[in-house]
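Peer 1: Need the 3D shape of this:
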Amino acid sequence: MNKKLTYAGVAALLLLVISGCGDKPAAAPADEAGQNSPAVVSGAEGNNGNGDSKSDSNSNAGGLNTPATAEPVSTDAPVATDKPVEVDKQSQSISTYYTDSQQMELVKAAAKISFANDTEKYTEAFKTLQNSDKADMIPLWSGIELKSLKFTDGQVVMDIHKPAEAQLGAGGESMAISALAQLFFQFEEVKSVELLVDGEQVESLMGHVDLEHPITRENSAL
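Peer 2: Purely as a prediction, here's the structure:
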């Protein structure tokens, strides 16, 4: 009888122990605790992170909002500073020749020319035969076009064009050739004059008087 009671007491004690162990909460595994615990961020770290982010944002914003300034390009044309070279001209008083209002004789007159070289000198001299500012001095070469003139080795070579309205009679043609010869042979350096009409040698200037090729002091009786 006593043995039964002893067994019954032991059994009851075991039941109490077992029941007490079942009431304790099971400890969570270390891994699970790490996963479920929220990460704690210190105030210093948070401030540093925000500061870097703001710095990057400001840097990016500055790059986007500040366009590069292009250097201005001048479109003004360059200003010319060099003045045209002025050619010094010399002046010379010469004699030129016309005819009277009745075309009876040559009339000598004074003229003044300006020139920079020989070609211009003889061109300007010839022009005095073509114009007159006096009613009693009639130019014999009026209306004649001087196409070209050059001076080489003492010879003046002239190429002219003679329109129909510049035609003269025999007396006028003779005086015209004489006026031309006297004009050019007043210059000592001129030895001869070759007169061409439209680039060709012609037997007569206007059909009345023979035209020498070239005209010289000797064959013009000067």
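
Peer 1: okay, and for this protein, where does confidence drop off?
Peer 2: The chain contains residues with pLDDT under 70 at 1-84.

Peer 1: Show me where this protein has its helices.
Peer 2: Secondary structure of the chain (DSSP state H): helices at 2-23, 30-36, 43-65, 118-127, 170-185.

Peer 1: So which bits of the last one are buried?
Peer 2: Think helix 170-185. Neighbour counts over helix 170-185 (16 or more other CB atoms under 10 Å) mark 172-185 as buried. C-betas here are computed from N, CA, C, even on glycine.

Peer 1: for it, packing partners?
Peer 2: Here helix 170-185 touches strand 90-99, strand 106-115, helix 118-127, strand 192-197, strand 215-216, going by 3 or more CB pairs under 8 Å, 6 or more residues apart in numbering; DSSP states H and E.

Peer 1: got the ones you listed as a markdown table, with mean neighbour count columns?
Peer 2: Converted to a markdown table, the helices and strands packed on helix 170-185 look like this (neighbours: other CB atoms under 10 Å):
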| stretch | mean neighbour count |
| --- | --- |
| strand 90-99 | 16 |
| strand 106-115 | 14 |
| helix 118-127 | 19 |
| strand 192-197 | 19 |
| strand 215-216 | 19 |
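
Peer 1: Dump those into CSV; add distance to residue 222 as well.
Peer 2: As requested, the helices and strands packed on helix 170-185 are arranged in CSV below (distance: least, CB to CB, whole Å):
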stretch, distance to residue 222
strand 90-99, 12
strand 106-115, 12
helix 118-127, 16
strand 192-197, 11
strand 215-216, 9
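
Peer 1: Report the contact partners of the nearest residue to residue 196 once chain neighbours are set aside.
Peer 2: Among residues not flanking residue 196 along the chain, residue 159 sits closest, at 4.5 Å (CB to CB, 6 or more residues apart in numbering). By CB atoms under 8 Å, 6 or more residues apart in numbering, the residues touching residue 159 are 146-149, 196-199.

Peer 1: of the residues you listed, buried ones?
Peer 2: 149, 196-197.

Peer 1: For stretch 212-222, buried residues please.
Peer 2: Here stretch 212-222 shows 212, 215, 220 as buried, counting by 16+ other CB under 10 Å.

Peer 1: pretty sure residue 136 contacts residue 99?
Peer 2: No. If you go by CB atoms under 8 Å, residue 136 and residue 99 don't touch, sitting 9.8 Å apart.

Peer 1: anything in contact with each of these two?
Peer 2: By CB under 8 Å, 6+ apart, the residues touching both residue 136 and residue 99 are residue 107.
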